[in-house]
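S.K.: Based on what follows, work out the 3D shape:
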Amino acid sequence: MSTRTRILEVAADLLAKSPDGEISTRAVCEAAQVGAPVLYRQFGDKEGLLSAVVDHGFDTYLATKRARELSSDPIEDLRNGWDTHVEFAVTHPNLYRLMNSPSMHKPPSSALESHQILTRDLERAAAQGKLRISPDLAAQMVMSANVGVALMLVARPATFTDPDLSRRVRDAVHASVFTPEAMYGTAPAGDAAPAAVPAGPGTETPAAAARLGALVRQSPPAALTTVEAALLTEWLEKVSNAPQAAASA
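M.R.: I've put the predicted structure just below:
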């Protein structure tokens, strides 16, 4: 085992056992049996160490997402992704709080990869005509809600006691970004059908724009130059994210 790996594993163990989620570099050095210069040479500073600890610990979670076989239904994959995200947070509360701490000025690479995986699944949903808005905006909405629920369950378990809270929020958010047909057509067995947002007049165009935008990004038309394709994608994103689409929802 390399010195770097030993320091990371020791730091991750101390973090998991810490009653307040705090660890000191001195405690890490003592437990790893290395001097402070060695630690700082490997990680630069304490924030660098903590960022590496998050990536090291979260790598196990991301490994399951990297290796998963995608189903033909991106909506179901996104439901499962939400649930495994919350499960990971509840199982590793200190690590999860650290990952989303305002004190982490540079987002850990694991957080960025998680967002990229979510966006790719939403691109698949858009290409199938199941998304109301652009994948990028949908990813921001879904991720912020997913992280918010997970943090509340981790930080305030005595207040947020409803065992169905995560599912309720998940279905509410998904209903606001997916078409009603996609929501009702893929409701998991045993679950009540999610309360899909009514389609309303004028929502077909944003959904169609989101789908066409995803298809253009996947396979840029040969008849268009790179600049033209980029301009078309920009226009389609504006249409899919237009305020009237949100108002009609």
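S.K.: drop to CA atoms for contacts and neighbour counts, all remaining ones
M.R.: OK.
S.K.: What lies in contact with the helix or strand hosting Ser144?
M.R.: For Ser144, the host element (DSSP states H and E) is helix 135-155. Residues from elsewhere that reach helix 135-155, judged by CA atoms under 8 Å, 6 or more residues apart in numbering: 82, 85-86, 89-90, 93, 96-97, 115, 118-119, 122-123, 126, 160, 166, 169-170, 173-174, 177, 210, 214, 241.
S.K.: List the buried residues of the next helix or strand after it.
M.R.: Remark: after helix 135-155, the chain's next helix or strand is helix 165-177, criterion DSSP H and E. Buried residues in helix 165-177, counted by 16 or more other CA atoms under 10 Å: 166-167, 169-177.
S.K.: now, which of the residues you listed sits nearest Tyr61?
M.R.: Ser166 (18.6 Å; CA to CA).
S.K.: How about the contacts made by that closest one?
M.R.: Applying CA under 8 Å, 6+ apart to Ser166 gives the contacts 83, 86, 149-150.
S.K.: how about the nearest residue to Asp59, chain neighbours excluded?
M.R.: Excluding its sequence neighbours, the residue lying closest to Asp59 (CA to CA, 6 or more residues apart in numbering) is Ser110, at 6.9 Å.
S.K.: tell me the pLDDT at that neighbour?
M.R.: On pLDDT, Ser110 comes in at 78.
S.K.: Relative to Val53, how far out is it?
M.R.: As judged by CA to CA, to the nearest Å, Ser110 and Val53 stand 10 Å apart.
S.K.: Repeat that for Tyr96.
M.R.: The gap separating Tyr96 from Val53 is 11 Å, by CA to CA.
S.K.: ditto for Asn94
M.R.: From Asn94 to Val53 the distance is 11 Å (CA to CA).
S.K.: quick one, which of these two is more surrounded?
M.R.: Per other CA atoms under 10 Å, whichever of Asn94 and Val53 has more neighbours is Val53, with 25 against 22.
S.K.: Need phi/psi at Leu224.
M.R.: Leu224 adopts backbone torsions of phi -110, psi 150, taken as degrees, to the nearest 10.
S.K.: hmm, I was thinking of Gln128
M.R.: Torsion angles at Gln128 (phi, psi; degrees, to the nearest 10) stand at phi -90, psi 10.
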